[in-house]
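> pasting the structure only:
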């Protein structure tokens, strides 16, 4: 019997619980959450077999820490303090540099694997958990060499058993890249939602005119502020850089519109159309 | 037998052809397109029954003009010159003020109905046509009072028969609102794609890290420049206004990140979360 502890029973932790249960028969899944409602809900939804307290992780073979990244900084060292020598602890946070720093000097650093599964939806909480969320998704592993070999093996087997593809990357590169392909999308979406909502105060019925294009670009504005504010905080330098570049591109587009240079605008759009080819490589979930 | 002419056999015109055929048995659908390949493709795909030339619209009972909005300005008066007194002509353009102006003084103005079906995908050409694209979608009708009553009736029956919901609006209001809920989404998406592609020149493998959130926000950057450049041109004043507001919101968000005011950022996101409720009212197509 393998004891798996899931700390944080939201979309990410809950979906790990579902997928692990579906591939491993001999597993007992324990849930830990500071939110009692989420804990009860996770039990009711069958995500976990048993409620547990943080101290119980001493029983764990595998610990998944799926909490907001600010909480992880404090929680990961505490979890490492408690686990057995043969337990592997991995996180699922959207930032990696500060997470890796937080455990860098810990005597049990070799029990930790820094991970970022590129998977999710805009929903949150235990009810957002999805079976198969991780199938064919990329899991980015940072500083793999700092994890004990046998524990690397244990975690990577779990990831590949639930269908994930593994990529290795250093924490700084992870944080720089992810700012472009994830953090910026969230900010763009939140601010688009804000711009339109501000307008809607005065103008009724505007949303009757909104189609699927609006829905698609603004979908991420439903995301959890409790998850995202700490991500932007931890990845501040990269977020600032990407956002400055995005604003500069929008400003340049605005200037072309103002000057009536619609041939240049045509070229801008035509050049960006090659995103089609790029997107073909992205695996889109069907939640 | 009703003769329907579809001028412009792309996503919008082609999808009208498919839906009209599925609800009206006694219909002959004629296709007109300056692109011979599209015309041949439309016939092969069964979108149309016969190829036709513009001059043939004298045979038409219903004419659908589904071409880029700059082409419409020139083409609509020509079509009106040619049609019979009992034919109704409607367009499907994403701008309405200049379109309505272009036909305002035409002796057959009463044969024209200005329409904007809020439906589409990011794909284009005859192969992008979809059965059921218009089911449950809103069709915005402008200056309905300027269309002959019997011809209003004929067109509106067609729209409701293929499942559309009708909204009436003046052209100026249409153009102002649609800038927020459609044109801005497209610009935001194109510039997001541009920002990330510029980065990718130097940094390989970045797209392995992109998930469904990126895909969603950047999807519209696949859209046709030939369709969109003229829309931005015709709706210039509104596009400038919405884009300035969007950039100001992004700039303010950037300033908060720079100053480390993450509680304010949390509030910004929390306030925008109510987009959830708003989006519930939007009908999302399943292409």
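Thanks, I have the structure now. Computed from a predicted structure; not experimentally measured. Numbering: from 1, shown residues only, chains lettered A, B, ... in the order given.
> in the stretch 101-250 of chain A, where is pLDDT below threshold?
Applying pLDDT under 70 to the stretch 101-250 of chain A flags residues A:202-205.
> and the helices in it, which stretches?
Remark: helices assigned in the stretch 101-250 of chain A by DSSP state H, counting those that start in this stretch are A:149-161, A:171-178, A:184-200, A:212-218, A:225-234, A:236-259.
> what would the ones you listed look like in CSV with distance to chain B?
To be clear about C-beta, it is placed using only N, CA and C from the backbone, and glycine gets the same treatment. Putting those into CSV (distance: least, C-beta to the nearest C-beta, whole Å) gives the following:
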stretch, distance to chain B
helix A:149-161, 15
helix A:171-178, 5
helix A:184-200, 4
helix A:212-218, 4
helix A:225-234, 4
helix A:236-259, 4
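> out of these, which comes closest to residue A:125?
helix A:225-234 (10.6 Å; C-beta to C-beta).
> could I get the buried residue list for the closest one?
Neighbour counts using 16 or more other C-beta atoms under 10 Å in any protein chain shown place A:225-234 of helix A:225-234 among the buried residues.
> same for that helix, what does it pack against?
helix A:69-82, helix A:97-103, helix B:262-272 (3 or more C-beta pairs under 8 Å, 6 or more residues apart in numbering or on different chains; DSSP states H and E).
> columns distance to residue A:152 and mean neighbour count on top of the ones you listed, output as TSV?
TSV is the format used below for the helices and strands packed on helix A:225-234 (distance: least, C-beta to C-beta, whole Å; neighbours: other C-beta atoms under 10 Å in any protein chain shown):
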stretch	distance to residue A:152	mean neighbour count
helix A:69-82	16	19
helix A:97-103	15	20
helix B:262-272	34	18
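> let's have these in TSV, adding distance to residue A:260.
Listed next are the helices and strands packed on helix A:225-234 as TSV, based on distance: least, C-beta to C-beta, whole Å:
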stretch	distance to residue A:260
helix A:69-82	45
helix A:97-103	45
helix B:262-272	33
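> for the residue nearest the centre of chain A, what are phi and psi?
Taking C-alpha atoms, centre = their mean, the centroid of chain A lies closest to residue A:94, which sits 4.8 Å from it. Phi and psi for residue A:94, reported as degrees, to the nearest 10, are phi -80, psi 0.
> contacts only, for it.
A:69, A:116, A:178, A:182-183, A:227, A:231, A:235 (C-beta atoms under 8 Å, 6 or more residues apart in numbering or on different chains).
> could you redo the last one with a cut-off of 6 Å?
residue A:231 (C-beta atoms under 6 Å, 6 or more residues apart in numbering or on different chains).
> distance of it from chain B?
10 Å (C-beta to the nearest C-beta, to the nearest Å).
> thinking again about what came up before, out of the helices and strands packed on helix A:225-234, nearest to residue A:279?
Nearest of the helices and strands packed on helix A:225-234 (C-beta to C-beta): helix B:262-272, 25.3 Å.
> how far off centre is the closest one?
Remark: helix B:262-272 is offset 33 Å from the chain centroid, using C-alpha atoms, centre = their mean, to the nearest Å.
> hmm, the helix or strand just after that helix in reach of chain A?
Using DSSP states H and E, the helix or strand that directly follows helix B:262-272 along the chain is helix B:275-280. Yes: Helix B:275-280 is in contact with chain A by C-beta under 6 Å from any C-beta of the partner chain, via B:275-276, B:278-279.
> got the buried residues for helix B:275-280?
So, applying 16+ other C-beta under 10 Å, buried residues of helix B:275-280: B:275, B:278-279.
> likewise stretch A:166-180?
For stretch A:166-180, by 16+ other C-beta under 10 Å, it's A:167, A:169, A:171, A:173-180.
> try stretch A:140-157
Buried-residue list, stretch A:140-157, by 16+ other C-beta under 10 Å: A:140-144, A:147-148, A:151-152, A:154-156.
> so which pair among those is furthest apart in space?
A:140 and A:148 (19.5 Å).
> between the buried residues of stretch A:140-157, which is nearest residue A:31?
Looking across the buried residues of stretch A:140-157 and measuring by C-beta to C-beta, the closest to residue A:31 is residue A:155, at 19.1 Å.
> who's in contact with that closest one?
Contact analysis of residue A:155 by C-beta under 6 Å, 6+ apart lists A:88, A:90, A:113.
> ok, for the second one, nearest residue in space, not its chain neighbours?
It refers to residue A:90. residue A:113 (4.3 Å; C-beta to C-beta, 6 or more residues apart in numbering or on different chains).
> next: residue A:82.
Spatial nearest neighbour of residue A:82, chain neighbours left out: residue A:57 (4.9 Å); criterion: C-beta to C-beta, 6+ apart.
> quick check: end-to-end length of stretch A:159-175?
21 Å (C-alpha to C-alpha, to the nearest Å).
> now do residue A:11 against residue A:101, distance only.
Distance of residue A:11 to residue A:101, computed by C-beta to C-beta, to the nearest Å: 26 Å.
> next one: residue A:75
Taken as C-beta to C-beta, the span from residue A:75 to residue A:101 is 14 Å.
> rewinding a little: residue B:45 is nearest to which of the helices and strands packed on helix A:225-234?
helix B:262-272 (41.6 Å).
> show me what the closest one is packed up against.
helix A:184-200, helix A:225-234 (3 or more C-beta pairs under 6 Å, 6 or more residues apart in numbering or on different chains; DSSP states H and E).
> need the contact partners of that helix.
A:190, A:193-194, A:221, A:225, A:229, A:233, B:256.
> and the furthest pair within these?
Maximum pairwise distance in the contacts of helix B:262-272, criterion C-beta to C-beta, is 20.6 Å, between A:193 and A:233.
> excluding its backbone neighbours, what's nearest residue A:15?
residue A:133 (4.0 Å).
> surely that neighbour meets residue A:118?
No: using C-beta atoms under 6 Å, residue A:133 makes no contact with residue A:118, being 10.8 Å away.
> now for the closest residue to residue A:51 other than its chain neighbours: which residues touch it?
Excluding the flanking residues, the one nearest residue A:51 by C-beta to C-beta, 6+ apart is residue A:39, at 5.3 Å. Contacts for residue A:39 (C-beta under 6 Å, 6+ apart) come out as A:31, A:33, A:51.
> can you pull the phi and psi angles for the last one?
Recorded main-chain torsions at residue A:51 are phi -70, psi 150, according to degrees, to the nearest 10.
> and it, how close does it get to residue A:30?
For residue A:51 relative to residue A:30 (C-beta to C-beta), the value is 8 Å.
> next: residue A:229.
Taking C-beta to C-beta, one finds residue A:229 at 29 Å from residue A:30.
> same question for residue A:98.
Distance from residue A:98 to residue A:30, by C-beta to C-beta: 27 Å.
> kindly report the same for residue A:180.
Distance from residue A:180 to residue A:30, by C-beta to C-beta: 37 Å.
> so what's residue A:208 up against?
Counting by C-beta under 6 Å, 6+ apart, residue A:208 has contacts B:138, B:167.
> for residue B:167, see how far away it is.
6 Å.
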